[in-house]
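Q: Structure of the sequence below:
(chains A and B)
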2 protein chains.
Amino acid sequence: MTDIILAGLGQTDVGEHWDIGLRELAFFAIEAALKDAGGLKPQAMYVGNMLAPNLSRQAHLGALLADFAGLTGIEAVTVEAAGASGGAALRQGYLAVKSGLVDVALIVGVEKMTDQIGAGVEEALATAADSDYESVQGLTSTAQAAMLMGRYMHEYNVPADGFAGFALTAHENGTRNKHAMFRKPIKLETYQKAELLTPPLNMFDAAPNADGAAALVLTRRDLLPADWPHPLVRVAASANASDTLALHDRKDPLFFEAAYLATGRAIKQAGITLDQIDFFEYHDSFSIYAAMSLESSGFAIRGQGWKMATDGRISLTSNLPCATMGGLKARGFAGGATGVYQAVEAATQLRVRAEACQVKDARIGMIQSLGGPASTAVVHILERLEV
Amino acid sequence: MTDIILAGLGQTDVGEHWDIGLRELAFFAIEAALKDAGGLKPQAMYVGNMLAPNLSRQAHLGALLADFAGLTGIEAVTVEAAGASGGAALRQGYLAVKSGLVDVALIVGVEKMTDQIGAGVEEALATAADSDYESVQGLTSTAQAAMLMGRYMHEYNVPADGFAGFALTAHENGTRNKHAMFRKPIKLETYQKAELLTPPLNMFDAAPNADGAAALVLTRRDLLPADWPHPLVRVAASANASDTLALHDRKDPLFFEAAYLATGRAIKQAGITLDQIDFFEYHDSFSIYAAMSLESSGFAIRGQGWKMATDGRISLTSNLPCATMGGLKARGFAGGATGVYQAVEAATQLRVRAEACQVKDARIGMIQSLGGPASTAVVHILERLEV
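A: Predicted coordinates:
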């Protein structure tokens, strides 16, 4: 089987786009990706989106965005798995190309959080949790994360500023990414003095809700034009796993079983070991999720994930750089677009086009997209082919 | 490549299920499909759903339903394309199995319209239309259909009761389907005297909103147990096409371009001609859509689709039986579950297990699922293998 290549990359700045709507936002990313893909024409579009049915009273994004991008007629659907929607859309596009029935697939992640005409953002985000047993009680995403963070700190004797390293690293890397929402570094004291959102979780433990769109083109290697200008980055593995939606249904709430399963499946498909991974884009919607992802994916032992951040073991010059473009925390959390941003950023790294964010000698990157508290985990491993 | 077989079929009755919620509804269909599939274990679940994020404040159905069905850990996502969500989910499952990376896929269509805790049903259904230019003006799905119906009647000189045949046929067939919402035949006079919803569209021109869930299992033929008990029904073709979301963006609003494209692609993939199709499950959410589907798919010439119903050319004993189990009109319109219902019903026909609804000598069936006014059209052709 021929390799499946990330052949076009596009993204908008992440932030508050008050001047444009959902369709325009998606269009700018699509336009950039198609331009980067040098004339490849998509037959199918997979849209990762979580909140538009609630925030914009707009479902049916597939047909809407295909038409607005001048691609009327192509296959176009939305793939939804809460915050993992972008990763899940990438996987569906990968499966479509892998099937041989779709030659060129366009993956689009888009989320418009400002300017909503429907429900509020917190209410919409809470649709990721169990409506009958969790969100109906007022449990928001932030409250879920705070509960896990409190328990984790209790179990593992984590100091009050134990999670600061995640925010510091993300903001440090975000300063170098022109698409990032936050481009200022923060100091440890800033984290220590930050306002609490839901104790013990403070505002630097949570990624900022944002507008953003990212897009990429997938195709088989044999369909690339002869004069292909970019380094070849392939999808080496793709996996998706689920866990209980409700936290109270888990035997061990401090372990992300879905992240464990999806990482294991991806590693197996890629035929590599974890230590071959040169950088890791985790889903740091909350700092506690970053710590738990490192542990559940096998990069840290239980209770030690937070120390990787504290000790500088996720910085850009470490053995396992994380959030290399700022992550969700500093690049910004554009909901269901997140997984596509991760893929675009990782592919940019592997093309050695990440400029000031570049991870040296990176050949294999892993990205992990979570829905809710890892009720869904989607993992992709991307690899630069040496040609 | 080995054939991809519809190996397990399940459905709940369509109607008002006040006593159970979304997850229970889906579970009953999943349980039936898995039982019918005789021990095949799914690795992935594709959920067709349109309205849960609005009506039940519940997104993230993949993980929720997988867990509730005792399948925690498998890949699970929602596929959304408005009313075509079920057909789109079936296509994603088909592509996944075709890719070789998923052996057994579970397709679930579920919609819960009663007992909503969020937006109203009409408001939620209107998310299928263009939020910025159509639904924001108050344009509902029913109003869209009424506008097309009025124009069609004007263009083609259709009498006031010209669309009655669609409702009469659907209700006649629905009497024989134990899962159907409406099981009483109606008379022409009933149609003629029916209350108008949005002129010229009356209440028998619109399918009833309903709760319902359907599920099916897809796998490769070589993975079936040796003692497989059912006739083999394969997916002979699968196609998905899009059109503009807004009606005002169409050059020819009376032609469903997406239905034309998807049907053409499917016919080509199956390597057959239209006259080889033994029955057609169209998406008769409105009678005008049934007429336009017959025309856009190539079964009738422009302006003549409605006469097929009037002349008995879609009845169970005709050359092209349609809505064989009652269609959306009499079986009931369970939103995003519809495409999966169509597939389960068509496969039941092809297994020769449709009892009083059975189409004689049926070997090839075509199903077509529409989102909005065919802004999305998904077509599958199913075929019984003679073994």
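Q: for the stretch 251-387 of chain A, what spans make up the helices?
A: Using DSSP state H, counting those that start in this stretch, the helices of the stretch 251-387 of chain A run over A:257-270, A:287-296, A:305-310, A:327-331, A:338-350.
Q: which residues are in contact with the third one?
A: By C-beta atoms under 8 Å, 6 or more residues apart in numbering or on different chains, the residues outside helix A:305-310 that reach it are A:152, A:156, A:158, A:162-166, A:168-169, A:287, A:290-295, A:299-300, A:313-314, A:320. Every C-beta, even on glycine, is put in place using the N, C-alpha and C of the backbone.
Q: one more time with 7 Å, if that's ok
A: A:V158, A:G162, A:F163, A:G165, A:F166, A:T169, A:A291, A:M292, A:L294, A:E295, A:A300, A:I314 (C-beta atoms under 7 Å, 6 or more residues apart in numbering or on different chains).
Q: ditto for the fourth one
A: Counting contacts by C-beta under 7 Å, 6+ apart, the residues outside helix A:327-331 that touch it are A:14, A:166-167, A:170-171, A:173-174, A:177, A:179-182, A:207, A:283-285, A:323, A:325, A:338, A:341.
Q: pLDDT weak spots in chain A?
A: A:1, A:118, A:387 (pLDDT under 70).
Q: which parts of the stretch 251-387 of chain A sit against chain B?
A: A:L261, A:G371, A:G372, A:S375, A:T376 (C-beta under 7 Å from any C-beta of the partner chain).
Q: list the contacts for A:A290?
A: A:F166, A:Y282, A:D284.
Q: Now list the buried members of those.
A: Among those, those classed as buried by 16 or more other C-beta atoms under 10 Å in any protein chain shown are A:F166, A:Y282, A:D284.
Q: What about the closest residue to A:D132 other than its chain neighbours, how many residues nearby?
A: Spatial nearest neighbour of A:D132, excluding adjacent residues (C-beta to C-beta, 6 or more residues apart in numbering or on different chains): B:G21 at 6.4 Å. Each residue near B:G21 was counted by other C-beta atoms under 10 Å in any protein chain shown, and the total is 18.
Q: which ones are touching the residue lying farthest from the centre of chain A?
A: No residue in chain A sits farther from the centre than A:A226, which is 31.6 Å out by C-alpha atoms, centre = their mean. If you count contacts by C-beta under 7 Å, 6+ apart, A:A226 has none.
Q: host element of it?
A: Taking DSSP states H and E as the definition, one finds A:A226 inside no helix or strand.
Q: That one and A:G39, how far apart?
A: A:A226 sits at a distance of 12 Å from A:G39 (criterion: C-beta to C-beta, to the nearest Å).
Q: go on, A:P53?
A: From A:P53 to A:G39 the distance is 34 Å (C-beta to C-beta).
Q: okay, those two: which has more neighbours?
A: Neighbours per residue, other C-beta under 10 Å: of A:P53 and A:G39, the larger number sits with A:P53, 30 against 8.
Q: dump the residue contacts of that one.
A: Going by C-beta under 7 Å, 6+ apart, the list of residues near A:P53 reads A:A59, B:P53, B:N54, B:T127.
Q: Going by distance to chain B, which of the contacts of helix A:305-310 wins?
A: A:M292 (16.6 Å; C-beta to the nearest C-beta).
Q: Just give me the neighbour total for the closest one.
A: A:M292 has 28 nearby residues by other C-beta under 10 Å.
Q: what's the answer for A:I301, then?
A: Neighbours of A:I301 using other C-beta under 10 Å come to 10.
Q: Mind listing what's buried along stretch A:216-228?
A: A:L216, A:V217, A:L218, A:T219, A:R220, A:R221, A:L224.
Q: Oops, could you answer that again for stretch A:22-33 instead?
A: Quick answer for stretch A:22-33 (16+ other C-beta under 10 Å): A:L22, A:R23, A:L25, A:A26, A:F27, A:F28, A:A29, A:I30, A:A32, A:A33.
Q: for the first one, what are its contacts?
A: For A:L22, the residues meeting the contact criterion (C-beta under 7 Å, 6+ apart) are A:A52, A:S56, A:Q58, A:V110, A:K112.
Q: For the residues you listed, pick the one with the most neighbours.
A: Most surrounded of those: other C-beta under 10 Å gives A:V110, at 34 neighbours.
Q: three-state assignment of that one?
A: Under DSSP: H, G, I helix; E, B strand; the rest coil, A:V110 falls in the strand class.
Q: is it true that it touches A:L51?
A: No: using C-beta atoms under 7 Å, A:V110 makes no contact with A:L51, being 9.9 Å away.
Q: list the residues that contact both of the two?
A: Contacts common to A:V110 and A:L51, judged by C-beta under 7 Å, 6+ apart, are absent.
Q: Helices - which of the buried residues of stretch A:22-33 land there?
A: With helices taken from DSSP state H, the overlap with the buried residues of stretch A:22-33 comprises A:L22, A:R23, A:L25, A:A26, A:F27, A:F28, A:A29, A:I30, A:A32, A:A33.
Q: ok, and the closest non-adjacent residue to the fourth one?
A: To tie it back to what came earlier, the one meant is A:A26. Per C-beta to C-beta, 6+ apart, closest to A:A26 is A:V110, 4.1 Å.
Q: How much space separates the one you found from A:D3?
A: 27 Å.
Q: my guess is A:I5 meets A:R221, correct?
A: Yes: counting by C-beta under 7 Å, A:I5 does reach A:R221; the two are 5.2 Å apart.
Q: circling back to that earlier point, quick check: which of the helices of the stretch 251-387 of chain A has the most neighbours on average?
A: helix A:327-331 (a mean of 31; mean count of other C-beta atoms under 10 Å in any protein chain shown).
Q: send the alpha carbons of that one over as PDB?
A: Written as PDB, here are the backbone C-alpha positions of helix A:327-331 (Å, rounded to 0.1, in the frame of the first residue of the first chain):
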ATOM      1  CA  GLY A 327      -0.400  23.900  22.400                       C
ATOM      2  CA  LEU A 328      -4.100  24.500  23.300                       C
ATOM      3  CA  LYS A 329      -2.900  26.800  26.200                       C
ATOM      4  CA  ALA A 330      -1.100  29.400  24.200                       C
ATOM      5  CA  ARG A 331      -2.000  28.700  20.500                       C
END
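Q: May I ask which two of the residues of the stretch 251-387 of chain A next to chain B are separated the most?
A: Taking C-beta to C-beta, the two most distant members of these are A:L261 and A:G372; they sit 15.3 Å apart.
Q: how far away is the residue nearest to A:D132 from A:S131?
A: 9 Å.
Q: now do A:A323
A: On the measure of C-beta to C-beta, A:A323 and A:S131 end up 31 Å apart.
Q: Which of the two has more residues huddled nearby?
A: Taking neighbours as other C-beta under 10 Å, A:A323 and A:S131 compare with A:A323 leading, 33 against 25.
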